[in-house]
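> here is a sequence together with a model predicted from it:
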Amino acid sequence: MRKYKIVIEQHSDGFCAYPLGMKGVVVGQGETADEALADVKSAIKFHIETFEDFSAES
């Protein structure tokens, strides 16, 4: 299982989160950091299931 570092940023209208080292656009968002983290984890899972061979950085 590959691990990704996730960056969570606070903006004026909430939080966004994204994984480092993953090809493609994978972003989560939410009103709280926890919501953004849960959203990006779901997006990562979907991305890996859908684009399995293209997820890892070359």
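Yep, it's here. Residues are numbered from 1 along each chain as shown.
> and the strands in the chain?
6-11, 14-19, 28-30 (DSSP state E).
> nearest to residue 39, of these?
Minimum separation from residue 39 across the strands of the chain (Cβ to Cβ) falls at strand 28-30, 3.2 Å. (C-beta placed from N, C-alpha, C; glycine too.)
> what residues does that closest one touch?
When contacts are defined by Cβ atoms under 8 Å, 6 or more residues apart in numbering, strand 28-30 is touched by residues 14-18, 35-43.
> quick one, which of the residues you listed are buried?
Listed as buried from the contacts of strand 28-30 are 15-18, 36-37, 39-40, 43; burial here means 16 or more other Cβ atoms under 10 Å.
> which one of those residues is nearest residue 5?
For the buried ones among the contacts of strand 28-30, the closest approach to residue 5 (Cβ to Cβ) belongs to residue 18, at 9.9 Å.
> hey, what's the closest one bridged with?
Beta-bridge pairing of residue 18 under DSSP bridges involves residue 7.
> residue contacts, it?
Applying Cβ under 8 Å, 6+ apart, we find residue 18 in contact with 6-7, 26-28, 40.
> JSON lines please, covering the strands of the chain and showing distance to residue 49.
JSON lines is the format used below for the strands of the chain (distance: least, Cβ to Cβ, whole Å):
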{"stretch": "strand 6-11", "distance to residue 49": "18"}
{"stretch": "strand 14-19", "distance to residue 49": "15"}
{"stretch": "strand 28-30", "distance to residue 49": "16"}
